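Q: Give me a model of this one.
(one chain, ligands or ions: 2)
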Amino acid sequence: MAGRLRAVIFGRQGAGKGTQSARLSAHYGAPHISTGDMLRAAVSEGTEFGRKADEYMRGGNLVPDDVMIGVVRERLAKPDAVEGGFLLDGFPRTLGQSEALLDITGDDGIDVVIDLDVPLDVVTARMKGRGRADDTDEAIARRLELYEKETGPVLAWFERRGKLVTVDGVGTEEEVFARLSAAVDRRLGQR
Ligand code: AP5
Ligand code: MG
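A: Ligands and ions are numbered 1, 2, ... in the order given. Here you go, the predicted model:
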């Protein structure tokens, strides 16, 4: 194993965060923690929390910060993350979530923050083939809008902290994975 990895992966909807996180997780042995997947699991279990989350997700809106921060705080406290690190996908999405994350991990608790960069026209074409419950035209447009508005400043925030690495996300899954793992290895080598 290449050493414990603590990473965050950004990218607009359809950039391939989930696809590549699964590969990175297998390669580095760090658990893939996707807040979107966790919320969808709660929806399919039909819990009260899941019913509320479903409303936000169907509209392409963000679940409130205090709820999401609690969910991630609990998840990162589990032994697999404490021991194996983490690959966060879909969190943080707002400045409030970012500050909470650094509060949880500590200032030196993140090795690398990746911006998986895929242009709008390419992600739009990818979304068409997927068919998730929130892949309606309205929700897709709302998610893209919120990504620029809420998550754009988060990327700038991590860049100022010297953590951000931009990786080109256009190409085959294998090509993108090769770029990502090279970028991560460079960062881990500097640690
Ligand atoms: P979330 O599940 O995080 O959705 P998202 O950010 O919109 O991103 P996606 O999962 O749609 O895209 P992805 O980048 O993972 O791409 P994928 O690998 O699937 O969030 C959903 C909702 O949950 C939010 O709207 C919000 O309501 C709520 N939520 C979640 N986290 C939250 C938070 N922190 N705070 C508040 N609310 C939160 O790939 C997409 C498609 O492209 C797939 O079909 C895939 O097969 C294909 N593909 C992947 N790579 C390639 C490639 N290289 N070439 C061709 N096709 C490819
Ligand atoms: Mg995803």
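
Q: Can you give the distance of the strand or helix carrying D185 from its chain's centre?
A: Under the criterion of DSSP states H and E, D185 resides in helix 173-190. Distance of helix 173-190 from its chain centroid, counting by C-alpha atoms, centre = their mean, to the nearest Å, is 16 Å.

Q: do stretch 73-88 as well
A: In terms of C-alpha atoms, centre = their mean, the centre of stretch 73-88 is found 14 Å from the chain centre.

Q: Same check on stretch 142-159?
A: On C-alpha atoms, centre = their mean, the centre of stretch 142-159 falls 12 Å from the chain's centre.

Q: Repeat that for stretch 21-30.
A: Using C-alpha atoms, centre = their mean, the mean C-alpha position of stretch 21-30 is found 13 Å from that of the whole chain.

Q: Are it and ligand 2 in contact anywhere?
A: No - Stretch 21-30 lies out of reach of ligand 2 by C-beta under 5 Å from the ion, never closer than 7.8 Å. To be clear about C-beta, it is placed using only N, CA and C from the backbone, and glycine gets the same treatment.

Q: can you tell me if that stretch touches ligand 1.
A: No - Stretch 21-30 lies apart from ligand 1 when judged by C-beta under 6 Å from any ligand atom; the minimum separation is 7.5 Å.
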